[in-house]
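Sequence first, predicted model second:
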Amino acid sequence: MTTQVCIIGAGPSGLLLGQLLNDIGVETIILERASLDHVLSRVRAGVLEQGAIGLLEQAGIGGRMHAEGLVHEGFAITREDDVHRIDLSGLTGGKCVTVYGQTEVTRDLVDRRAETGGVTLYEVETVELHAFDSDKPHVTCRIDGQEVRINCRFIAGCDGFHGASRRAVPEDAIRTFEKVYPFGWLGILSDVPPVSHELIYASHSRGFALCSMRSKSRSRYYIQCNAGDSIEAWSDNQFWTELRRRLPPEIAEAVTTGPSFEKSIAPLRSFVAEPMRFGNLFLVGDAAHIVPPTGAKGLNLAASDVHYLFEGLRGHFLEHDDTLLEAYSKRALDRVWKAVRFSWWMTTMLHRFPDQAPFEARILETELAFTLGSEAAKTALAENYVGLPY
Ligand code: RFL
Ligand code: PHB
């Protein structure tokens, strides 16, 4: 098989890049390790920045997102029993975010690719990347037991943190930066109305909690848990009890509980690989960087990477100009590091760290008190949360 851009991974990065390229007549083949059902069953991000919304519109999937997505002009931070509102719109001159689940974004992109005749091969095994330091890279894999070779001009590594693309890069060509946090997030989905029409980020001496949603009748809640906790150790009842303990009493009383239909634990990590280009291989999204979910930035960074790479590839194929392709890694990383900093800052300020020295604990309490009491600090928080410009 031959294509112009071989995309590894049919998560949001791969599907979005594939759609934007498809729409300007650049051929792509997407190779995905998992089954379509598995891809569509993953529950992850919920909050989209305006820039990501614009790209999804450009990819032709604005319709359902605008009909069903919830526009949020602010969110709350609680500190023990106090509630503070962050007026995103007021602090940023009218900007806001949209709550629309990653599962729905993925489904819309999958449907659009099918409508527009894009090729996605699911359940491919042993994906290997070859000769990406030359002008004739190729990818090999096994599909239904058959060895398949795809010749291409470029490879886009959109295969997430555990994918094959980043691992194909020689060790001496890549530099990585990593911080692993000593806790995880236990998350549930339940078909109960959200406790509030806005998100609530709760800082509490028992640990962090987050009240989020997928719709007016579907709630997404998270609590900070120990890094080594197992799902079996947390019954629904234990989850609801612990969540309520971390919320101010009037909010805790208003939480509607019900059976969960999804429950998972996510470890928290910050990770960046530099550069994001190796010859004719480009890393995109979680393949190149991971942020803890506290700032709601992972999917949004995947979208801005796609934007920079799409501009570069459009320049190459349509205008015979490689300036933006050459600039891809730098443009993407400049924005990535700002989101990595913001996500680290939100995480550090709002969680409780086991075995923390009393001095550090007081500094973090003061960081939160200062932030909530200062218009300038809240403006900086809001500016980052709605998303820095591309
Ligand atoms: P993905 O979504 O991991 O997709 C990668 C795809 O590649 C496939 N794959 C392979 N395919 C072929 N060959 C291989 N060798 C392969 N290895 C892997 C995988 O099966 C998969 O289909 O990466 P992508 O596309 O870069 O997208 C990134 C986002 O998924 C991620 O950043 C966000 O989910 C992070 N995130 C959040 N981001 C936000 O912007 N806002 C949020 O509110 C938010 N909340 C979250 C989150 C992530 C979470 N978890 C579980 C990590 C909340 C949570 C709990
Ligand atoms: C979510 O709804 O899954 C969500 C929302 C905000 C975050 C992280 C996750 O910061």
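Nice, I can see it. Ligands and ions are numbered 1, 2, ... in the order given.

Whichever residue of the stretch 51-200 of the chain sits closest to ligand 2: what's it in contact with?
Closest residue of the stretch 51-200 of the chain to ligand 2, C-beta to the nearest ligand atom: residue 199 (5.9 Å). All C-beta atoms are positioned from the backbone trio N, CA, C, and that covers glycine. Shown in contact with residue 199 (C-beta atoms under 8 Å, 6 or more residues apart in numbering): 47, 72, 75, 76, 99, 210, 211, 212, 213.

Present those as TSV; the columns should include secondary structure and pLDDT.
What follows is the contacts of residue 199, written out as TSV (DSSP: H, G, I helix; E, B strand; the rest coil; pLDDT from 0 to 100):
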residue	secondary structure	pLDDT
47	strand	96
72	strand	98
75	strand	98
76	strand	98
99	strand	96
210	strand	98
211	strand	98
212	strand	97
213	strand	95
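
Go through the residues you listed and say which is closest to ligand 1.
Of all the contacts of residue 199, residue 47 has the smallest distance to ligand 1: 4.2 Å, by C-beta to the nearest ligand atom.

which residue packs closest to that closest one, ignoring adjacent ones?
Of all residues not flanking residue 47 in the chain, residue 296 sits nearest, at 3.8 Å (C-beta to C-beta, 6 or more residues apart in numbering).

For that neighbour, list the residues it contacts.
Counting by C-beta under 8 Å, 6+ apart, residue 296 makes contact with 45, 46, 47, 97, 385.

And the helices in the chain?
Along the chain, counting by DSSP state H, helices occupy 12-23, 36-41, 50-58, 62-68, 88-92, 102-115, 236-245, 249-254, 298-319, 323-326, 328-350, 358-373, 375-386.

most surrounded residue in the contacts of residue 296?
residue 97 (27 neighbours; other C-beta atoms under 10 Å).

Beta-bridge partners for that residue, please?
With DSSP bridges as the criterion, residue 97 is bridged to residue 72.

wouldn't it be in contact with residue 300 here?
No - using C-beta atoms under 8 Å, residue 97 is not in contact with residue 300; the gap is 9.0 Å.

Spit out the residues that contact these two alike.
Applying C-beta under 8 Å, 6+ apart, one finds that residue 97 and residue 300 are jointly contacted by 47, 48, 49, 387.

so how far is stretch 16-32 from its chain's centroid?
20 Å (C-alpha atoms, centre = their mean, to the nearest Å).

Thank you kindly, that will do.
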